[in-house]
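In: Need a 3D model of the sequence below.
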Amino acid sequence: MKFRQNDTVPVAAARAGFSAATGYRIAADPHLPSQRQMPRGRRRPDPLAAIFETEIVPMLTASPGLRAVAVFEEMVRRHPELGAGVRRTMERRIRAWRALHGPEQEVIFRQTHEPGRMALSDFSDMGDLGVTVAGVPLDHLLYHLRLPWSGFEHARVILGGESFVALAAGLQDALWSLGGCPREHRSDSLSAAFRNLDADARADLTRRYEALCAHYGMAPSRNNRGVAHENGSIESAHGHLRRALRDALLLRGSAEFDDLTAYRRFVDELVSRRNRRNVARIDAERVHLQALPDRRSCDYEETVVAVTSSSGFTLRKVFYSVPSRLIGHRLRVRLHDDRLDLFIGGTRLMTLPRSRAPADGRRGHVVDYRHVIHALRRKPMALLNLAYRDQLFPRQAYRRCFERLLDGAGERVACRTMVTLLALAHERACEAELAECLAADLAEGRLPDLAALQARFAPDPARLPEVTVDLVPLAAYDALLVGEAA
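Out: This is a model prediction of the structure:
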């Protein structure tokens, strides 16, 4: 067409590499071939022509959230002659109709993050990973904090549910690991922690959360309830972390861990490797963080309990045993996510592992046989129907031994023998070695020989050292005074 401005049709066609006939055809109709094509019409009858506008459109208008497959099933029920071959046609037609006439959808507004401004945290259920600790499935959550600008992550294994204690412990661990505080912290309103609380309890938790953020100089914020995408920078990271944990467990070859500490170390190492990929951005963001306070804030709940005549106390439907010398005393208990710290006045007594009551309403028990073995020796028959008998045995070998004694020696002998074995394990500090001996006896089908076990684990008088104490006369100390005066 450029050559045609100055040359004739044959000359312009020759210069463009066309034939003269093609040049005359283009000059007669300057439209492109794609512009001259007529839209292709249907080559077969429309199977939805009779029902789409009259039946399907009213359904879509009345129920905008109705799925296309549900519409298809309803139409097949009404019109059996349609058949299964029209499903894709109906889905495409519904999709096209919604693009033109459907309701407005929610819009996601991408945000620009600034270094040091925000940290987001949330809880993620990890029960589907199949992790077991000492052979027992571990039902747990993972507290997860992330800085969206640098990608810094921190994770903490949580044994209970979403609670302020779990949030406070995980958040503070993350901040002290990071070495600074962002200006804002966002959570998802801790809906699980607030679900069964009255208005006063919810207000108390809100005040505690705001006080925690104020201690670190952070502005607390929450996303709207039920709108997960407002926490998208942490919600999407949950999926990545979950998949990384699953892959790491597969590479490890087992999801079994000896104790909770080993599993927590495994999670920490994985998160550390993920942070190592973003170390440059994390170091750059640390410059914009606020300084940490002088000390951590409270990350526990505190309550007071009374020790009963059962040598223990009940807290949140779980019975905890303590030494019998504390019967009648009132103890101050600090509830952490995974432990209880016991105080009498200002004196720290001990730390107990925390447990949760079963979901079926029964009471839980955390019992240490060392706390009550001295009393059981005076009342061995109390072991037979003891409420927490199964939790009293420190290892499975002791429990199986007692069951074998009940079957083979009778109730009285079984109780006396078992109490003596527990006392032997405590007094000789041979719990593990004695359990191995009991397991070996059970494997060979014989009952334990109490006399032989006592002789084996009793101290050998021939190996006891003889200690001779020479008493120095008091007059000998006068020489020290003379030397000091000189």
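
In: which residues in the stretch 351-486 of the chain form strands?
Out: Under the criterion DSSP state E, counting those that start in this stretch, the stretch 351-486 of the chain contains strands at 364-366.

In: just for the stretch 351-486 of the chain, where's the confidence low?
Out: Where the stretch 351-486 of the chain drops to pLDDT under 70, the residues are 460-464, 483-486.

In: And the chain, by the same measure?
Out: Using pLDDT under 70, the chain drops low at 33, 36-37, 39, 189-205, 223-233, 460-464, 483-486.

In: tell me the domain boundaries of it?
Out: Recorded structural domains for the chain (assignment: automatic domain parsing) are 3-36, 52-101, 118-286, 311-365, 370-463.

In: Using TSV, lay out those together with distance to residue 299 and mean neighbour count.
Out: To be clear about C-beta, it is placed using only N, CA and C from the backbone, and glycine gets the same treatment. Shown next, in TSV, are the domains of the chain (distance: least, CB to CB, whole Å; neighbours: other CB atoms under 10 Å):
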stretch	distance to residue 299	mean neighbour count
domain 3-36	69	13
domain 52-101	43	13
domain 118-286	4	17
domain 311-365	7	16
domain 370-463	27	15
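
In: Including distance to residue 112, could those domains go into TSV?
Out: TSV is the format used below for the domains of the chain (distance: least, CB to CB, whole Å):
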stretch	distance to residue 112
domain 3-36	42
domain 52-101	30
domain 118-286	10
domain 311-365	35
domain 370-463	55
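
In: who touches the spatially most central residue of the chain in this structure?
Out: A centroid search over the chain (CA atoms, centre = their mean) returns residue 141, at 1.7 Å, as the residue closest to the centre. By CB atoms under 8 Å, 6 or more residues apart in numbering, the residues touching residue 141 are 123-126, 157-158, 160-162, 166.

In: Give me the subset of these lying in helices.
Out: Of those, the ones assigned to helices by DSSP state H are residue 166.

In: just curious, which of the contacts of residue 141 is nearest to residue 467?
Out: Using CB to CB, residue 157 is the member of the contacts of residue 141 that lies nearest residue 467, at 48.0 Å.

In: Make sure the closest one is actually in contact with residue 264.
Out: Yes: shown here, residue 157 and residue 264 form a contact pair, counting by CB atoms under 8 Å, at 5.2 Å.

In: quick one, phi psi at the closest residue to residue 298 other than its chain neighbours?
Out: Spatially, and ignoring its direct neighbours in sequence, residue 298 is nearest to residue 168 (7.0 Å; CB to CB, 6 or more residues apart in numbering). Main-chain torsions, residue 168, degrees, to the nearest 10: phi -60, psi -40.

In: what about the strands in the stretch 51-200 of the chain?
Out: 118-125, 132-133, 136-137, 141-146, 153-158, 184-187.

In: Select, out of these, the one closest to residue 425.
Out: Nearest of those (CB to CB): strand 136-137, 21.7 Å.

In: What strands line up against that closest one, and which way round?
Out: strand 132-133 (antiparallel) (DSSP bridges).

In: List the neighbours of the partner strand that are in contact with it.
Out: Under CB under 8 Å, 6+ apart, the answer for strand 132-133 is 138, 255-260, 263.

In: what do you get for stretch 443-455?
Out: 401, 404-405, 408-409, 417, 420-421, 424, 434, 437-438, 441.

In: Could you work out the end-to-end span of it for me?
Out: 21 Å (CA to CA, to the nearest Å).

In: Equivalent analysis for stretch 245-265, please.
Out: So stretch 245-265: terminal residues 13 Å apart, CA to CA.

In: Begin at 317 from now on, thanks
Out: Let's use 317 as the start, then, which means that last one is stretch 561-581.

In: taking the contacts of stretch 759-771 one by one, which sit in helices?
Out: Those of the contacts of stretch 759-771 lying in helices (DSSP H): 717, 720-721, 724-725, 733, 736-737, 740, 750, 753-754, 757.

In: Would you mind putting those into a markdown table with distance to residue 493 alongside?
Out: Compiled in a markdown table, the ones in helices among the contacts of stretch 759-771 are given as follows (distance: CB to CB, whole Å):
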| residue | distance to residue 493 |
| --- | --- |
| 717 | 45 |
| 720 | 50 |
| 721 | 51 |
| 724 | 55 |
| 725 | 56 |
| 733 | 51 |
| 736 | 49 |
| 737 | 45 |
| 740 | 45 |
| 750 | 42 |
| 753 | 45 |
| 754 | 44 |
| 757 | 49 |
